[in-house]
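Student: Got a predicted structure plus its sequence, pasted below:
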Amino acid sequence: MIQDAKYTHNLGIKLFAIGSIALLSACAPPPEPPTIMSQLSPVELRSMQTRIFETGNQSDVFRALISTYQDLGYTLTSIEAESGTITANKLAVLTLTSTVTSINSEQTSVRVNGIVKSIPQARQTYQIDSPLFFQQRVFEHLSKSLFLRALYEDGTEAKTDDIIQKENAKQN
């Protein structure tokens, strides 16, 4: 009789444990589907994602990239100055992760990786592998930002303003 009670008690504990595990695993969210990666080779992908800028000042390029993302309406989600990494999101659909690296005293490299969701509610993501996307949506804007930074640092903006004012006076 005592053995039957022990058996029933142990069986109850085991059933409770199994039931608890089943209940907890049923509440877990389904795993995220993996990102569909580009079919391009790593070398092809890297070449379209990377641009070299003719400045050795990595921190200037880093700050210009932050400004560029903000100007383009991205939300900065992560900034790691030591590693030169920036992550930015736009409309919960597009995520760009960028790395700024000093090559030498005269050049700095910027690499941008893009992941996009087909629609905001979708869980499936795709790696961007369009050279036009990177050129037109990031690098052209970054180039302009770096140009303006250099212009203002050199004091050339005063000369430029003078030229514009003289041209406007001639037209009037």
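Tutor: Good, I have the coordinates.
Student: Start and end of stretch 112-131, how far apart?
Tutor: Stretch 112-131 has an end-to-end distance of 11 Å (C-alpha to C-alpha, to the nearest Å).
Student: model confidence over that stretch, on average?
Tutor: For stretch 112-131, mean pLDDT is 87.
Student: Against which helices or strands is the helix or strand hosting V110 packed?
Tutor: Using DSSP states H and E, V110 sits within strand 107-117. Packing partners of strand 107-117 (3 or more C-beta pairs under 8 Å, 6 or more residues apart in numbering; DSSP states H and E): helix 42-49, strand 50-53, helix 58-71, strand 94-104, strand 125-127, helix 131-134. The way it works is simple: take the backbone N, C-alpha and C, and place the C-beta from them, glycine included.
Student: Okay, buried residues for the second one please.
Tutor: Read that as strand 50-53. Neighbour-count burial for strand 50-53 flags R51, F53 (criterion: 16 or more other C-beta atoms under 10 Å).
Student: ok, back up a step: just say which of the helices and strands packed on strand 107-117 is most tucked in.
Tutor: Scoring those by mean neighbour count under mean count of other C-beta atoms under 10 Å gives helix 58-71 as the most buried, with a mean of 19.
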